[in-house]
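Q: here is my input, please return the structure:
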Amino acid sequence: WIGDWDVNSNDQPAGTNSIHPINGGCALQENWQGTGPGGLSGTSFNIYDQANDQWHQTWVDSSGTLLQLDGALVDGKMVLSGKRPKRDGSGLALHRISWTPNEDGSVRQFWEASNDDGETWSVLFDGLYVPRVEAP
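A: Next up, the predicted model:
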């Protein structure tokens, strides 16, 4: 996941993402920029928490969203989940995001949310991260 990426969703440009090690390689910082006017921007910090034997991500974005996720590698993909208040204030929604590396070097990010503790899921984002190729 480390690197610079062009991200597509539904075969349309969705944004760019830059993920790089920080703090001596002990954490990753992600910087997202959505495409188009008013494109959402966001940053996450990712770290392996040795005490809990899990990965942790804290995400904040330009819409005021805070999302805190925990998880691990499951069947070759990173799967992180966490709860956050629903937009309508009626309780908590469970969020689950997975990152799957593909043989061609791309990465699929699949983000779902559940309002019933995982009984049913709605897709929030299905994106394909393609390594950015700089023009010569």
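Q: separation between residue 28 and residue 64?
A: 23 Å (Cβ to Cβ, to the nearest Å). All C-beta spots, glycine's among them, are computed from the backbone N, C-alpha and C.
Q: the two: which is more packed in?
A: Between residue 28 and residue 64, counting by other Cβ atoms under 10 Å, residue 28 is the more crowded of the two (19 against 6).
Q: and the closest residue to that one other than its chain neighbours, how many residues sit next to it?
A: Once flanking residues are discounted, residue 28 sits nearest to residue 46: 4.2 Å by Cβ to Cβ, 6 or more residues apart in numbering. Residue neighbour count, defined by other Cβ under 10 Å, stands at 20 for residue 46.
Q: tell me the phi and psi of residue 62?
A: phi -70, psi 0 (degrees, to the nearest 10).
Q: show me the contacts for it.
A: When contacts are counted by Cβ atoms under 8 Å, 6 or more residues apart in numbering, residue 62 touches 40, 41, 42.
Q: which of these count as buried?
A: Burial by neighbour count, 16 or more other Cβ atoms under 10 Å: within the contacts of residue 62 this picks out residue 42.
Q: how about a markdown table for the contacts of residue 62, with distance to residue 7 added?
A: Output for those, formatted as a markdown table (distance: Cβ to Cβ, whole Å):
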| residue | distance to residue 7 |
| --- | --- |
| 40 | 12 |
| 41 | 13 |
| 42 | 12 |
